[in-house]
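Trainee: Predicted structure and sequence below. I'll ask about it afterward.
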Amino acid sequence: MSLSRYTCEESISTDLRLDLAEPEPDEPADRVLWRTKEAVLGELARLLAASGRVGSENKLSQDLLFREKKASTGIGGGLAIPHIRTLQAKELIVAVGLSREGIDFDAMDREKVHVFVAMVTPPYEDKLYLRVLKSLGNAFSAPGVKASLLEAKNAGEVLRVLSKLS
């Protein structure tokens, strides 16, 4: 199963940019981190919605935030895989956001995240959801995959990298 079949160029950003206000001098670090997570997940929801395969972008963003509150999806090694089953997904869809400078996302290893792979699917697609989630984990444990993605200059190049992963 090629991971590229679940995404499209519109759902890929090779330069994930966040519109964040500067933190207040006395703003707690955990609040700054949460504002960053909200911005990242909002941008990933926008990318997912660009596929035309989700319902409400705002509700999807809220679903992703609710999931993130349970436990960080920053798995370490510069990778985060926000994933949910939601009524907002018409089918399984994957979005990819790349950040060359990295974003603090409360990853398990406390390192910045450079590759965000968001996956959403309808609630009734349990088997496919688990199969693709496992494939994502396996694919990104292979050497050089994250580096190849970060070298991609456009969405087409990201799709080519993903098409080689199973």
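Mentor: Happy to help now that I have it. Numbers count the residues shown, from 1 in each chain.

Trainee: list the contacts for residue 102?
Mentor: By CB atoms under 8 Å, 6 or more residues apart in numbering, the contact list for residue 102 reads 78, 111-114. Using the backbone N, CA and C atoms, a C-beta is placed for each residue, glycine as well.

Trainee: Tell me where the protein has helices.
Mentor: 29-49, 57-70, 126-141, 145-151, 155-163 (DSSP state H).

Trainee: Where among the ones you listed is average confidence lowest?
Mentor: Here the lowest mean pLDDT among the helices of the chain goes to helix 126-141, at a mean of 88.

Trainee: Quick check: longest strand in the protein by residues?
Mentor: strand 93-103 (DSSP state E).

Trainee: got the angle between that one and helix 29-49?
Mentor: 140 degrees (axes from the mean of the first three to the mean of the last three CA atoms, to 10 degrees).

Trainee: please renumber so the chain begins at 730
Mentor: Okay, using 730 as the starting number, the last item reads as strand 822-832.

Trainee: for strand 822-832, what is the average pLDDT?
Mentor: Across strand 822-832, pLDDT averages out at 95.
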